[in-house]
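A.B. asks: I would like to see how this sequence folds:
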Amino acid sequence: MIKVVTLSALKSVYDIREIVENGYTLSVAELINELHNLPQDAKIVVSNDSGYTYGSIRPSILNVREIETYEEEEERERREEEEWEDSLPNEEDVNYVVIQNNGEPLKWSDDNKVVIYGGVEDAENDVIEGDKIVTLGEYAKSIGVDWRTLL
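C.D. replies: Model (predicted):
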């Protein structure tokens, strides 16, 4: 007769952290301690599906990996979100105003509002000698208003 130790695989969660963080599984040291109480010549198998199928245990299937805790994942996602937001250009930095030679911004003739360009190339089309191109943020700061009020 062959002695067999069966590890019954319990499918109880979909996220490994639920088991690991809540202490619902043995550590390596605890498993070794438990195995010392079993017959040393017994074979070990994994029982799946309440004993409907079985799997062997070989050294090649023993893998160590590190997983993020929920807290670490939240912190990483928060940092990534901040980095992503920081990488986005602000409208004040990607919109431009042409300041004419007389120091006044170029304005639309029909409503006398400042012309705001979506790119430097667009602004360059309306520049004449002596004019300069500034960002919307720079222009707003120079006249003491929040750049959003100019949109």
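A.B. asks: drop to CA atoms for contacts and neighbour counts, all remaining ones
C.D. replies: Noted.
A.B. asks: residues contacting the longest helix seen in the chain, please?
C.D. replies: Using DSSP state H to define each element, the chain has its longest helix at helix 70-87. Applying CA atoms under 8 Å, 6 or more residues apart in numbering, the external contacts of helix 70-87 come out as residue 17.
A.B. asks: change it to 6 Å
C.D. replies: Where contact means CA atoms under 6 Å, 6 or more residues apart in numbering, no residue beyond helix 70-87 reaches it.
A.B. asks: buried residues, it. List them.
C.D. replies: Neighbour-count burial for helix 70-87 flags no residue at all (criterion: 16 or more other CA atoms under 10 Å).
A.B. asks: residue 133: which element?
C.D. replies: Per DSSP states H and E: residue 133 is located in strand 132-135.
A.B. asks: list the helices and strands that strand packs on?
C.D. replies: strand 96-99 (3 or more CA pairs under 6 Å, 6 or more residues apart in numbering; DSSP states H and E).
A.B. asks: now the strand it packs on: mean pLDDT?
C.D. replies: Computed over strand 96-99, the mean pLDDT rounds to 92.
A.B. asks: mind exporting the helix or strand just after that strand as CSV, just the C-alpha atoms?
C.D. replies: Proceeding C-terminally, strand 96-99 gives way to helix 120-124 as the next helix or strand, assigned by DSSP H and E. The C-alpha coordinates for helix 120-124 follow below in CSV (Å, rounded to 0.1, in the frame of the first residue of the first chain):
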residue,chain,number,x,y,z
VAL,A,120,2.9,77.8,-31.8
GLU,A,121,2.7,77.0,-35.5
ASP,A,122,-0.8,78.5,-35.7
ALA,A,123,0.4,81.7,-33.8
GLU,A,124,3.4,82.0,-36.1
